[in-house]
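[1] Quick one, fold the following:
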Amino acid sequence: TIPGPLLDRMEIIRLSGYLAEEKLEIAKQYLIPQAKTSCGLEGSNVSLTDKSIDTLVKNYCRESGVRNLKKHIEKIFRKATLNIVKQDIAIPYAPEPILDAQNPELDQDRATGASIPDQDHPSTTSNNDSEVTSKSEKNLDKSSENSDIITSDPALNIPKDPNFLDDFFDDNNKKEKIPNLTNKVVNRPMTIPDSFTMTIDQQDLKSYIGPPLYTTDRLYSETKPGVIMGLAWTSLGGSSLYIESIVVYRNKYEPSGDSGSEKNNNGHAGNLITTGQLGDVMKESTKIAYTYSQSLLNQLQPSNDFFKTSSIHLHVPEGATPKDGPSAGVTMTTSLLSLALNQSTDPNVAMTGEITLTGKVLKIGGLREKVIAAKRSGITRVLFPIDNIPDWEDLPEHVKEGIEGCPINFYTEIPPLVGLKL
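    Numbers count the residues shown, from 1 in each chain. Coordinates of the predicted model:
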C-alpha cells in the first residue's frame, strides 16, 4: 500500500516473532508480576510453574508477540483471586478516606461526626453570589443602553464595550468555591497469610482457561507413502504443513497411435487434482512439482509408467485455512515421488524450498520461524535452500540444537536424505 517512490526512500525493518524461550522469560519477569499486582496478589505465594508457562506458550498462545499470552495470564490470576475470596482465605483492608489538605476542618468534621452541609442542596446562598448576580444584571442593563451593533445580524448583538465580558467572568471567578465532599477511598490489596500457597501447574490450566487450542504439531507419527511434512510461515509464526497424495485410480497403460498422446485404457491420461484452498502461486507450484516429478522418474526409471496411468489427488490439510506461496515445491515433489515409488519417508525430516522445472531449489523466507516450528514438532533434520545458509547461521544456537540443517542446491540431493530409493 506504500507508493514505490516513498518505499524506496524508507528503511524496512523486519521483526521476527519471539521464541518460546523468550516468551517464557518475558512472562516470568514482566507479565506475571504485573498481573499479580493488578489482581491484588502482590507479595502472595500464588505462582505459575515454568511448565505451565511453557504449555501456555505452545498450546494456547502461538502469536508472534505476547499480547494473547498476557491476556491468558491475567485471566488465570483473576480466577485465582476469585477462588481465594470464595475460600475466605484473604483478609481485606478496610477502605480509608483520603485526607483533604486544603480543607482540614472538613476532615475534623468527618472524624467527629459533625454535620457537613450538602453540596447538592445548599440551605443558604452566599452574599457573594447575590453580589455577583446583581452586578451581572447591572452590566446587562448597561449593555442594553449602549446597543451599538457590530453586525447587522440581530442574532449577533455583541456589545461594543470590550470590558463587559471580562468583568463578567472575573466576577464569576471570585465566587466562593464549595469544597468537594466526595468520600474518596484507597482500595488496597488483600492480605493473604504467608502460610497459604497456590501453585498453578500445567494440568490446572484447563480449569482456568479451558482446553488447549493447539494439541499437536504432527498429524502423523509414522508417514505413509505420499505423506510428507513441510514447513510454513504464517502470521502466528512457523507451523508444520503436511502434503498428502493418494492414487484415485490406476489402469493399464496403452499408448494411442492416432495422436501420439499417452492414454490409459479408459481413454484418459494420468492427471492431478489439488485441494486445500490453495492460492494461485501454490497451484502453479503444484503443477511444476507434478511436471518435474514425471521428468525425474522418466529419467531414472523409464519403465515406470505410474504418472501415465494414475489419477492423483494432492491435498494440503486444514482446508479452511487459505494457503499460498512457492516454498512447498520440494515438499510436493517429494510427496508425488514417494507415492510413485510406494515408499515411506523418514517422519523426522521436514523441508522447505521453491522448485523450478530443472530441479533447482530457490531461496525462501521465514526460515527462522520454520525451524522453530520444526523443533516444536520434534523434527531432527531440516532441508532448506542453499541460498538460505546465512539465515541458518544467524539462528541462535539453542534453536539449532538437536536439528541437522541440510542446505539443498538441486532436488536430486533430497531423496537420499529422506529415505527414498530411486
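
[2] Leaving out sequence neighbours, find the closest residue to residue 75.
    Among residues not flanking residue 75 along the chain, residue 209 sits closest, at 5.7 Å (Cβ to Cβ, 6 or more residues apart in numbering). C-beta here means a position set from N, CA and C on the backbone, and glycine is covered the same way.

[3] Could you give the average pLDDT over stretch 234-244?
    Per-residue pLDDT over stretch 234-244 has a mean of 86.

[4] what about the longest strand in the chain?
    Among the segments of the chain that qualify as a strand by DSSP state E, the longest is strand 237-250.

[5] Report all helices and strands that that one contacts.
    strand 227-234, strand 310-315, helix 329-341, helix 367-376 (3 or more Cβ pairs under 8 Å, 6 or more residues apart in numbering; DSSP states H and E).

[6] what's the closest of those to residue 293?
    With Cβ to Cβ, the closest approach to residue 293 among the helices and strands packed on strand 237-250 belongs to helix 329-341: 4.1 Å.

[7] And for residue 30, the neighbour number?
    12 (other Cβ atoms under 10 Å).

[8] how about stretch 273-289 as PDB, C-alpha atoms only?
    What follows is stretch 273-289, C-alpha atoms only, in PDB (Å, rounded to 0.1, in the frame of the first residue of the first chain):
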ATOM      1  CA  ILE A 273      -6.300 -33.000  -8.600                       C
ATOM      2  CA  THR A 274      -5.400 -30.500  -5.900                       C
ATOM      3  CA  THR A 275      -7.400 -29.300  -2.900                       C
ATOM      4  CA  GLY A 276      -6.800 -27.400   0.300                       C
ATOM      5  CA  GLN A 277      -7.800 -23.800  -0.500                       C
ATOM      6  CA  LEU A 278      -4.500 -23.200  -2.400                       C
ATOM      7  CA  GLY A 279      -3.700 -19.800  -3.800                       C
ATOM      8  CA  ASP A 280      -2.700 -19.100  -7.400                       C
ATOM      9  CA  VAL A 281       1.100 -19.200  -6.700                       C
ATOM     10  CA  MET A 282       0.700 -22.500  -4.800                       C
ATOM     11  CA  LYS A 283      -1.400 -24.000  -7.600                       C
ATOM     12  CA  GLU A 284       1.400 -23.200 -10.100                       C
ATOM     13  CA  SER A 285       3.900 -24.700  -7.700                       C
ATOM     14  CA  THR A 286       1.900 -27.900  -7.700                       C
ATOM     15  CA  LYS A 287       1.900 -28.100 -11.500                       C
ATOM     16  CA  ILE A 288       5.700 -27.500 -11.500                       C
ATOM     17  CA  ALA A 289       6.200 -30.200  -8.900                       C
END
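
[9] okay, and for the chain, where does confidence drop off?
    In the predicted model, the chain carries pLDDT under 70 at residues 92-189, 253-269.

[10] Give me the most central residue, it.
    Nearest to the geometric centre of the chain sits residue 63, at 3.2 Å (Cα atoms, centre = their mean).

[11] who's in contact with the residue nearest to that residue when sequence neighbours are not counted?
    Nearest residue to residue 63, sequence neighbours excluded (Cβ to Cβ, 6+ apart): residue 236, at 5.5 Å. For residue 236, the contact set (Cβ atoms under 8 Å, 6 or more residues apart in numbering) comprises 62-64.
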